[in-house]
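**Student:** Build me a structure from this.
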Amino acid sequence: MKNVVFMGTPDFAVGTLEALLNSNYTVLAVFTQPDKPKGRKGELTPPAVKQCAVAHGVPVYQPKRIRDSENLVFLRDLNPDVIVVVAFGQIIPKEILELPRYGCVNVHGSLLPKYRGAAPIQWAIIDGESNTGITTMRMDEGVDTGDILLQEATPIAADETAGSLFERLSAIGASLLIRTLEGLEEDKITPIHQPEQSPTPYAAMLSRKDGEVDWSMDGHSLDCRIRGLLPWPGAFTWLDGKQLKIWSVAVRDVMSEEDEKALPGTVLAAEEDGILVKAGKSGILIRELQLEGKKRMEAGAFLRGCSIRPGTVLGRDHSAAEDV
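**Tutor:** So this is what the prediction gives:
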């Protein structure tokens, strides 16, 4: 095995591409998604994988549809020994899956068969998992259902966010991919067939609306959800009709009888160390937050510019605040 074609798009895939570029393998070409408009001006922005490939002088191809016949012809001409796929973002047809001698090897951000789908890293945190990891698998026509090649587990820290876990798993995935290719070449890997049913729900892609906080959730579940949504789409609620993004929280279980009777989303206290809000049968202490149109700041600094009275109810249909 020598020649590799790489398919990937976001930051998560860059670490694996860089590992290949720094190895004894030859990256013949990189396939990634087309440039997309970003920001208020809608300027076309290249994917992170494209930026990495261009910096290393690797040819880049950005087909709108990888299944179009000209891409299959082109890949046959390249004749790669293996195609490495990391969060590419398109379904790869059977003709391409079966083209390379060693098939298409995918780097997936969970311990399959758990968390098949587009957002495995976020959902592992949201669901309160204590550990997760990386799986390399030989792709088939299903969604993350191919035979498992290698796996490496890692614990999920109590304060872990999706952003910090993305970075750690990206590094683990890069190393595991190289070990996988070496193991395949030396015939030292016995693929493991996955069961048809996954032990966890499909890890569906998240949208902006998933970020709205449901204060009826218990504090521990809400803490996991907020961390799993960072940095995108981010968790948010509403204060005086303005969107309030929540960056950092802590769970507070000890509450008075009076506090326990309060509506979910009610501000119980607003002090220098945080804004205590009723969540389910416990409390959430908001430590970092960002009001629409303002900068991200710690709770104490926020309260010096915006007075929030205990009894205020956060949410789309509630809340009252005073500028000071």
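
**Student:** Next one: the nearest residue to G117 once chain neighbours are set aside from W123, what distance?
**Tutor:** Leaving aside its sequence neighbours, G117 sits nearest to A203 (Cβ to Cβ, 6 or more residues apart in numbering; 3.4 Å). Where C-beta positions appear, they are placed from N, C-alpha and C, glycine not excepted. According to Cβ to Cβ, to the nearest Å, A203 stands 4 Å off from W123.

**Student:** Find residues that contact each of these two.
**Tutor:** Counting by Cβ atoms under 8 Å, 6 or more residues apart in numbering, the contacts common to A203 and W123 are 115, 117.

**Student:** May I have whichever helix in the chain runs longest as PDB, with CA atoms only?
**Tutor:** Looking across the chain with DSSP state H, the single longest helix is helix 162-185. What follows is helix 162-185, C-alpha atoms only, in PDB (Å, rounded to 0.1, in the frame of the first residue of the first chain):
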ATOM      1  CA  ALA A 162     -17.900  19.200  22.100                       C
ATOM      2  CA  GLY A 163     -15.100  21.600  21.000                       C
ATOM      3  CA  SER A 164     -12.500  20.200  23.300                       C
ATOM      4  CA  LEU A 165     -13.500  16.600  22.600                       C
ATOM      5  CA  PHE A 166     -13.300  17.300  18.800                       C
ATOM      6  CA  GLU A 167      -9.700  18.300  19.200                       C
ATOM      7  CA  ARG A 168      -8.700  15.300  21.200                       C
ATOM      8  CA  LEU A 169     -10.500  12.800  19.000                       C
ATOM      9  CA  SER A 170      -9.100  14.400  15.900                       C
ATOM     10  CA  ALA A 171      -5.600  13.700  17.200                       C
ATOM     11  CA  ILE A 172      -6.500  10.100  18.200                       C
ATOM     12  CA  GLY A 173      -8.100   9.500  14.800                       C
ATOM     13  CA  ALA A 174      -5.000  10.600  13.000                       C
ATOM     14  CA  SER A 175      -2.800   8.200  14.900                       C
ATOM     15  CA  LEU A 176      -5.300   5.400  14.600                       C
ATOM     16  CA  LEU A 177      -5.700   5.800  10.900                       C
ATOM     17  CA  ILE A 178      -2.000   5.300  10.300                       C
ATOM     18  CA  ARG A 179      -2.000   2.200  12.500                       C
ATOM     19  CA  THR A 180      -5.000   0.900  10.600                       C
ATOM     20  CA  LEU A 181      -3.300   1.300   7.200                       C
ATOM     21  CA  GLU A 182      -0.100  -0.300   8.500                       C
ATOM     22  CA  GLY A 183      -2.200  -3.200  10.000                       C
ATOM     23  CA  LEU A 184      -4.100  -3.800   6.800                       C
ATOM     24  CA  GLU A 185      -0.900  -3.800   4.700                       C
END
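
**Student:** Other residues contacting the helix or strand following that helix?
**Tutor:** As assigned by DSSP states H and E, the chain's next helix or strand after helix 162-185 is helix 219-228. Residues from elsewhere that reach helix 219-228 (Cβ under 8 Å, 6+ apart): 122-128, 159-162, 213-215, 217, 235, 246, 249-253, 279-284.

**Student:** go on, stretch 164-172?
**Tutor:** Here stretch 164-172 makes contact (Cβ under 8 Å, 6+ apart) with 11-16, 109, 121, 124-125, 132-134, 152, 154, 156-157.

**Student:** So which of those belong to helices?
**Tutor:** Assigned to helices by DSSP H, the following of these qualify: 11-16, 121, 124-125.

**Student:** Pick the one among these closest to G183.
**Tutor:** Among the ones in helices among the contacts of stretch 164-172, T16 lies closest to G183 (Cβ to Cβ), at 15.7 Å.

**Student:** Which residues are in contact with that closest one?
**Tutor:** Taking Cβ under 8 Å, 6+ apart as the criterion, T16 is in contact with 6, 8, 84, 86, 107, 170, 173-174, 177.

**Student:** one more time with 10 Å
**Tutor:** Going by Cβ atoms under 10 Å, 6 or more residues apart in numbering, T16 touches 6, 8, 49, 84-87, 107, 134, 136, 170-171, 173-178.

**Student:** Tell me the pLDDT of it.
**Tutor:** Per-residue pLDDT puts T16 at 98.

**Student:** Report the separation between it and A299.
**Tutor:** Taking Cβ to Cβ, one finds T16 at 38 Å from A299.

**Student:** repeat for T32
**Tutor:** Using Cβ to Cβ, we find T32 at a distance of 40 Å from A299.

**Student:** Show me which of those two is the more surrounded one.
**Tutor:** T32 (27 against 21; other Cβ atoms under 10 Å).

**Student:** just the angle between the helix or strand containing K245 and helix 219-228, please?
**Tutor:** Remark: K245 resides in strand 242-252, with elements defined by DSSP H and E. Taking axes from the mean of the first three to the mean of the last three Cα atoms, to 10 degrees, one finds strand 242-252 and helix 219-228 inclined to each other by 130 degrees.

**Student:** Check which helices and strands strand 242-252 sits against.
**Tutor:** Judged by 3 or more Cβ pairs under 10 Å, 6 or more residues apart in numbering; DSSP states H and E, strand 242-252 is in contact with helix 219-228, strand 235-239, strand 274-279, strand 282-291, strand 297-298.
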